[in-house]
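Visitor: mind looking at a prediction? Sequence and model below.
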Amino acid sequence: MITNFFIPELNNHDVQELWFQQDGATCHTARDIIDLLKDTFDDRLISRFGPVNWPPRSCDLTPLDYFLWGYVKSLVYADTPQTVDHLEDNIRRVIADIRPQMLEKVIENWTSRLDYIRSSRGSPMPEIISKM
């Protein structure tokens with residue numbers, strides 16, 4: 001998928017300012033994949049074994065994990081797409097419909113999570129997690 005779709009699609013865009021964030025799943029961090037992503041994103045790769053290491057237990061601190069992926073997935077699959085084209089259309093539509101105000105709320109939540117972690121010196125966040 002990365003070599004046949006992702007990288008060719010990136011060639012249609014200016015990626016000099018883009019960062020790529022990848023979770024720490026073992027299947028996503030094969031040496032060949034990391035090397036390919038390093039070649040593409042240089043030092044703007046956040047990943048295990050990448051130039052910027054994926055922070056341990058960061059899922060509660062990463063808006064992509066605690067919000068965006070679940071939100072997008074719930075809307076993309078709401079009408080049970082039956083073809084790849086339908087799935088791609090849904091993904092494009094859902095992403096295009098995300099409004100700046102929603103992202104502002106996500107960033108506010110993110111900063112409150114960071115403030116909590118700072119004040120609790122890194123302890124778990126059951127109060128924040130249960131609110132989501």
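Guide: Structure received.
Visitor: once you drop chain neighbours, what's closest to Leu64?
Guide: Gln21 (6.3 Å; CB to CB, 6 or more residues apart in numbering). Backbone N, C-alpha and C define where each C-beta goes, glycine included.
Visitor: how near is the one you found to Arg48?
Guide: Note on Gln21: its distance to Arg48, by CB to CB, to the nearest Å, is 11 Å.
Visitor: kindly report the same for Ser74.
Guide: Distance of Ser74 to Arg48, computed by CB to CB: 27 Å.
Visitor: more crowded one of these two?
Guide: The neighbour comparison of Ser74 against Arg48 (other CB atoms under 10 Å) goes to Arg48, with 15 against 10.
Visitor: I'd say that one and Thr29 touch.
Guide: Yes - using CB atoms under 8 Å, Arg48 makes contact with Thr29 at a distance of 4.7 Å.
Visitor: what's the overlap in contacts for the two?
Guide: Taking CB atoms under 8 Å, 6 or more residues apart in numbering as the criterion, Arg48 and Thr29 both touch Gln22.
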